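**Q** got a structure for you, letters missing:
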């Protein structure tokens, strides 16, 4: 079975590439969006300028038309006053909307020409009169003001054309960018998909090879255990016979002890290579803890370690294999005792978590686990001890997984190690044979 660490090692290039790809797409989208928004604002300003200039040219043409036909009636004078006021308003809007140096200069000329026109009107009569002042005002209106308005119209038209071209360029960039993103995404997907598939294939082949080696090694361990058992029995008989005859039996005792050690190692290896299936029963985890800790009383007293049990507030049950759960607790407690050779405190607590899991916590007051060792703590054959195969925690973690739970390790802030075994409580059980 592929571990999460192995899957991450295979897939991390794709994850990094996807993150970079997403970041670049987001940055490009923000840039293009800002560019598009700026272009739209410029175009809106230009279109508003076109509206103002069109209205200004229309009013100026009407003023000139009235002046040319000499409409001196009261209605003509009222209309001239309205047009003059409208031109002043449009010039004020043009001044506020002008944002380019060329436009600002033209608007200044427009305002200056319109002031001269008004001064000529006030000095010699209105634009509708037939006298000389009226003709002078009309000449200013025709040669200066309307000419400047036409130049402003041309400038605004060119600016509008530039804004439209910029908008088309932005749209073109966006289209090319989207096309490029699609092509690159396709190529990257094919490349990384192939890489991940190749990595997974290699990992599966490696896993199958290791499984085959494990099965072969387990078979060899089983074959070695049988003759060792026979040798152990013969040595034990010879040792007992030597003791009865009063002969020294120290060498035989050493051989027997070493054979027992070899058998323990082989049994641990066989348990890891061929784990037994859990025998599901409804059990009281408190009773399992009490029974297991009772077996450790002598060793704890020898190490001057105080053992405490924190019971749950109410009775709890779990569907589990009592023997396997006891083995997990035994492994954890033995490791804790080994970590406290000069004394300390071993605390075992049983609680029910809010998510319905039953948590068995084992705390000690030893030196804790080295930070570099924490990620590898449950790897097979990894150990920080001078002796041992490094299979105890690996077997314990697999037992937890086989029960639908987990086993995690950490260091306590106040010092010492903490192991938490989580098992599904009654509300989390999907269904197991009782």
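**A** Okay, I see it. Source: prediction; values computed, not measured.
**Q** Need the residues that contact the strand or helix carrying residue 83.
**A** Using DSSP states H and E, the element containing residue 83 is helix 74-97. Applying Cβ atoms under 8 Å, 6 or more residues apart in numbering, the external contacts of helix 74-97 come out as 45, 48-49, 52-53, 55-56, 59-60, 62-63, 66, 107, 110-111, 114, 118, 126-128, 152. Backbone N, C-alpha and C define where each C-beta goes, glycine included.
**Q** What of stretch 278-287?
**A** Residues from elsewhere that reach stretch 278-287 (Cβ under 8 Å, 6+ apart): 311-312, 315-325, 350, 358, 360, 399, 402-403, 423, 432-434.
**Q** Which PyMOL command selects the buried ones in those?
**A** A single PyMOL command selects the buried members of these (16 or more other Cβ atoms under 10 Å):
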select buried, resi 316+318+319+320+321+322+324+325+350+358+360+399+403+423+432
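**Q** related to what we said a few turns ago, just the buried residues of the contacts of helix 74-97.
**A** For the contacts of helix 74-97, a burial check counting by 16+ other Cβ under 10 Å picks out 45, 49, 52-53, 56, 59-60, 62-63, 66, 107, 110-111, 114, 118, 126-128, 152.
**Q** Report the rounded mean pLDDT for the one helix or strand residue 146 maps to.
**A** Here residue 146 sits within helix 146-244, counting by DSSP H and E. Across helix 146-244, pLDDT averages out at 69.
**Q** Same question for stretch 278-288.
**A** If you average the pLDDT over stretch 278-288, you get 92.
**Q** ok, now stretch 302-310?
**A** Rounded mean pLDDT across stretch 302-310 is 94.
**Q** All the helices of the chain, residue numbers only.
**A** 4-69, 74-97, 101-124, 132-140, 146-244, 250-273, 285-295, 297-302, 322-338, 392-402 (DSSP state H).
**Q** What is the last one packed up against?
**A** By that I understand helix 392-402. Applying 3 or more Cβ pairs under 8 Å, 6 or more residues apart in numbering; DSSP states H and E, one finds that helix 392-402 contacts helix 250-273, helix 322-338, strand 406-411, strand 417-424.
**Q** cool, the first one as well?
**A** Judged by 3+ Cβ pairs under 8 Å, 6+ apart, helix 4-69 is in contact with helix 74-97, helix 132-140, helix 146-244.
**Q** got the angle between that helix and helix 101-124?
**A** For helix 4-69 against helix 101-124, the angle by axes from the mean of the first three to the mean of the last three Cα atoms, to 10 degrees is 20 degrees.
**Q** Now residue 304: closest residue in space, sequence neighbours ignored.
**A** Spatial nearest neighbour of residue 304, chain neighbours left out: residue 343 (3.6 Å); criterion: Cβ to Cβ, 6 or more residues apart in numbering.
**Q** Quick check, the one you found in contact with residue 303.
**A** Yes. Using Cβ atoms under 8 Å, residue 343 makes contact with residue 303 at a distance of 6.6 Å.
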